[in-house]
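Peer 1: Only the shape, not the letters, is given here:
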């Protein structure tokens, strides 16, 4: 038996307009993501050590791929930690 549309629970808050995020690499005209620039790479890693997704950071697809590769390279040569347990001071 199908439910009537009026029986659905109402969403709280409704829809809100959210401005689309701009790719910070495109805005600043940075073509390559350098794995040695740990300060920039750290912005795109969560506090659990995971790479943040595009929908959260607003980075375009091209730079997200380069960013992921740069983070993985920095982890491989121990510039960035793989997990929180490997981070200094934890």
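Peer 2: Ah, there it is. Note that the coordinates shown come from a computational prediction; the quantities given were computed from them, not determined experimentally. Numbering: from 1, shown residues only.
Peer 1: gap between the two ends of stretch 33-48?
Peer 2: Stretch 33-48 has an end-to-end distance of 22 Å (CA to CA, to the nearest Å).
Peer 1: what's the model's confidence in that stretch, averaged?
Peer 2: Summarised as a single mean, pLDDT over stretch 33-48 is 93.
Peer 1: tell me which residues in that stretch are buried?
Peer 2: For stretch 33-48, the neighbour count (16 or more other CB atoms under 10 Å) marks 33, 35, 41, 44-45 as buried. Backbone N, C-alpha and C define where each C-beta goes, glycine included.
Peer 1: Could you list which of those residues belong to helices?
Peer 2: residue 41 (DSSP state H).
Peer 1: and the buried residues of stretch 33-48 as JSON lines, adding distance to residue 23?
Peer 2: JSON lines is the format used below for the buried residues of stretch 33-48 (distance: CB to CB, whole Å):
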{"residue": "33", "distance to residue 23": "11"}
{"residue": "35", "distance to residue 23": "19"}
{"residue": "41", "distance to residue 23": "15"}
{"residue": "44", "distance to residue 23": "12"}
{"residue": "45", "distance to residue 23": "17"}
